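Peer 1: Structure, please.
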Amino acid sequence: MSRPASSRQNSPPVITLYDIPGHTPQPWAPNIWRIRFILNYKRLRYRTIWVEFPDVEETLRGLSAPPSSTRSDGRPVYTLPVIVDPTRNPMRPEIFANTNHIAEYLEAAYPARPVFPDGSRAVQALFVHYIQEVFAKPLLPIMVPLSHQQLQLRGHGARVPQQMAPALSGPQREQAWQAVKEQFDFLARILDKNSGDGDGTVTMGREVSYADFALCSVLIWIERMAAHDGWTRVRTWNNGRWLRLWERCREYMDEY
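Peer 2: Predicted structure coming up:
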């Protein structure tokens, strides 16, 4: 966590990661965890600045951060994570938005301890796209309402994300978890093809990579948003594969 300004005056500059707080002190957002994993894995010095949801766009515009995407009508979309890196040029710090763009920047700027082993960048990009666009889709009806409950929204006039939906209950919730399990089962069958390489736990066979961090970020999301209803299920699925992956990535779960 950040220290008083007076104690940092003579300290070397560090990377700043902008994250969104919840009602608990632990980081939870999966896209932001992907970047935190990389920073920890590469052993880079960084600090976290917490930005409440209603303040995200104003804060990022104040930083002159680029939008993370653009709407169909051309309007910019400002979301977290964002990093500010003054370590190479304190007078003109690098500012990046969009999780994948940040990951590519960190890999290029800090190539030691790579998260994209040689020749794996395209395959990992496809894997991460699959995690985002296919694998995680059945989780959204369960996890999005829980995540919205975590957002620190000041006052009744604060804007909430457009995807706001009521939490599932009863049979609907069980059906949703069954759809989630089908995705986990399919991915487990694919990853089992690595069983002859290393211990078969990680995507690239032996060493953790960006793909594992993308997947483990989803596991952390479940563990922190749905510990009793979700993580207790997921950790036992596929002979404990997902708990083993979580444990494999645990040493890179520091929170600064």
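
Peer 1: Just give me the neighbour total for A103.
Peer 2: By other CB atoms under 10 Å, the residues close to A103 number 23. In short, each C-beta sits where N, CA and C put it, glycine included.

Peer 1: OK, contacts around it?
Peer 2: Going by CB atoms under 8 Å, 6 or more residues apart in numbering, A103 touches R34, I35, I38, V115, Y210.

Peer 1: Tell me which entries of the residues you listed lie within strands.
Peer 2: Among these, no member is found in strands (DSSP state E).

Peer 1: For the spatially closest residue to W50 that is not a sequence neighbour, give me the pLDDT.
Peer 2: Leaving aside its sequence neighbours, W50 sits nearest to P21 (CB to CB, 6 or more residues apart in numbering; 4.3 Å). pLDDT recorded at P21 is 85.

Peer 1: any idea how far E247 is from D55?
Peer 2: The spacing between D55 and E247, counted by CB to CB, to the nearest Å, is 35 Å.

Peer 1: Revised request: answer the last question for G200.
Peer 2: Between G200 and E247 the computed distance is 14 Å (CB to CB).

Peer 1: Likewise for I15?
Peer 2: For I15 relative to E247 (CB to CB), the value is 27 Å.

Peer 1: Between those two, point out the one with more neighbours.
Peer 2: A direct count of neighbours by other CB under 10 Å for I15 and E247 places I15 higher, at 21 against 13.

Peer 1: Do you have the helices of the stretch 151-256 of the chain handy? List them.
Peer 2: Using DSSP state H, counting those that start in this stretch, the helices of the stretch 151-256 of the chain run over 170-191, 210-225, 232-234, 237-249.

Peer 1: Please spell out which residues along the third one are buried.
Peer 2: Applying a neighbour-count criterion of 16 or more other CB atoms under 10 Å, one finds R233, V234 buried in helix 232-234.

Peer 1: One more: stretch 123-132?
Peer 2: Under the neighbour-count criterion of 16+ other CB under 10 Å, stretch 123-132 has Q124, A125, F127, V128, Y130, I131, Q132 buried.

Peer 1: hmm, who's touching that stretch?
Peer 2: Taking CB under 8 Å, 6+ apart as the rule, stretch 123-132 contacts N100, F116, T203, M204, S209, Y210, A211, A214, L215, V218.

Peer 1: now do stretch 240-252
Peer 2: Stretch 240-252 is contacted from outside by 37, 40-41, 184, 188, 191, 199, 201-202, 208, 212-213, 215-216, 219-220, 223, 234-236, using CB under 8 Å, 6+ apart.

Peer 1: Of the residues you listed, keep whichever come out buried.
Peer 2: In the contacts of stretch 240-252, the ones that pass as buried (16+ other CB under 10 Å) are 37, 40-41, 184, 191, 201-202, 208, 212-213, 215-216, 219-220, 223, 234-235.

Peer 1: for the buried residues of stretch 123-132, which one is nearest Y78?
Peer 2: Nearest to Y78 among these is Q132, at 18.8 Å by CB to CB.

Peer 1: separation between the closest one and A188?
Peer 2: 18 Å.

Peer 1: How about N239?
Peer 2: Relative to A188, and taking CB to CB, N239 is found at 8 Å.

Peer 1: Ok, Y41 next?
Peer 2: 24 Å.

Peer 1: What of G119?
Peer 2: 25 Å.

Peer 1: swap in P30?
Peer 2: P30 is 19 Å from A188, by CB to CB.

Peer 1: same question, K42
Peer 2: Separation of K42 from A188 (CB to CB): 28 Å.

Peer 1: now do Y252
Peer 2: With distances taken as CB to CB, Y252 is found 22 Å from A188.

Peer 1: what's the helix or strand for the residue lying closest to P114 once chain neighbours are set aside?
Peer 2: Using CB to CB, 6+ apart and skipping residues adjacent in sequence, the residue nearest P114 is E107, 6.3 Å away. Per DSSP states H and E, E107 falls inside helix 99-109.

Peer 1: residue ranges with poor pLDDT in the stretch 51-200 of the chain?
Peer 2: By pLDDT under 70, the low-scoring segments of the stretch 51-200 of the chain are 150-168, 196-199.
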